[in-house]
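Novice: Need coordinates for the below:
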Amino acid sequence: MYEFTPWSIAQGLQNVNSPLMNFWTGTAAGDFWTGISQCNIFLEKIPAVPDMEPWEKDQWAAEVKFLKAYYHFYLLQQYGPIPITDKNLPVSTSVKDVAVFRDPVDEVVNYIVNLLDEAALALPNRIENTTEELGRITKPVALAVKAKLLTMVASPLFNGNSNYSNLRDNRGKALFPQAYDYYLSLLSFSSYVPTLSAISPRDCFCISISSCIPFSASSIISRSCALLKGLSSPVP
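Specialist: Below you'll find the predicted structure:
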């Protein structure tokens, strides 16, 4: 069963013919490409839905944008450069046009960051109706995933990794940046600042131990939350 897949991998049962936790084609795991396709359909259709308040449509669309960004992010973690799937292809698309190229890491990261920023604008700082809506996406969750993404791509694995200098697509386009970006490292840290301003002290512990935030960020948030105690409003 899927819930025991990590244990199966730890036992040495991973294989190349039918990989465990295969999120690319969905064998022995969820198919994230189908999830992205469903997000695109939702975002395309929700403006025409009747009997919904505009604010409700905006929040639902923001939640779906977050999911779409998260699916891209997870695939990027697993497989490196991936094709950005912003819109679904029509069924009449030719076989040639369906065979899309992977996009370079920088373009994938920028796309995910923009999606998360768009989602954060319409997401609440916190869930007020915890009885019926606890577990829905909030602004701190979206910004925490953005922080984790930027931290990952600022690491030596993605930031100027010469081991991937020859990784190019059939057009000869480089898929990994070869020049080390010092400012990307600074950006990955500064991305935590707006996250902190949206978090209430009561929520700090829950967010700091969540899987959305790396350990270093958890420490930053824990220390910052101590400073926020007693404040009635978020720090500007």
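Novice: give me the element the residue nearest the centre of the chain is part of.
Specialist: The centre of the chain sits closest to Y70, judged by Cα atoms, centre = their mean, with a distance of 2.9 Å. Per DSSP states H and E: Y70 is located in helix 54-79.
Novice: in that helix, what's buried?
Specialist: Residues of helix 54-79 classed as buried: 59-76 (neighbour count, 16 or more other Cβ atoms under 10 Å). Quick note: C-beta positions are derived from backbone N, CA and C, even for glycine.
Novice: hang on, the earlier thing: where's the residue nearest to the centre of the chain relative to S37, distance?
Specialist: 15 Å (Cβ to Cβ, to the nearest Å).
Novice: Go ahead and confirm T5 touches L20.
Specialist: Yes. Proximity of T5 to L20 meets the contact threshold set by Cβ atoms under 8 Å, at 4.9 Å.
Novice: ok so, going back, report the distance from the helix or strand following the helix holding Y70 to the chain centre.
Specialist: Helices and strands here follow DSSP H and E; after helix 54-79, the next one along the chain is helix 95-98. Relative to its chain's centre, helix 95-98 lies at 27 Å (Cα atoms, centre = their mean, to the nearest Å).
Novice: Can you tell me what sits against helix 95-98?
Specialist: L89 (Cβ atoms under 8 Å, 6 or more residues apart in numbering).
Novice: For that helix, list the C-alpha coordinates in CSV.
Specialist: The C-alpha trace of helix 95-98 is given here as CSV (Å, rounded to 0.1, in the frame of the first residue of the first chain):
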residue,chain,number,x,y,z
VAL,A,95,1.1,14.7,-31.4
LYS,A,96,4.0,17.0,-32.1
ASP,A,97,2.7,19.8,-29.9
VAL,A,98,1.9,17.4,-27.1
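Novice: Need phi/psi at R168.
Specialist: Main-chain dihedrals, R168, degrees, to the nearest 10: phi -130, psi 160.
Novice: count of neighbours near the closest residue to it other than its chain neighbours?
Specialist: Once flanking residues are discounted, R168 sits nearest to A174: 5.5 Å by Cβ to Cβ, 6 or more residues apart in numbering. Neighbour count for A174, taken as other Cβ atoms under 10 Å: 16.
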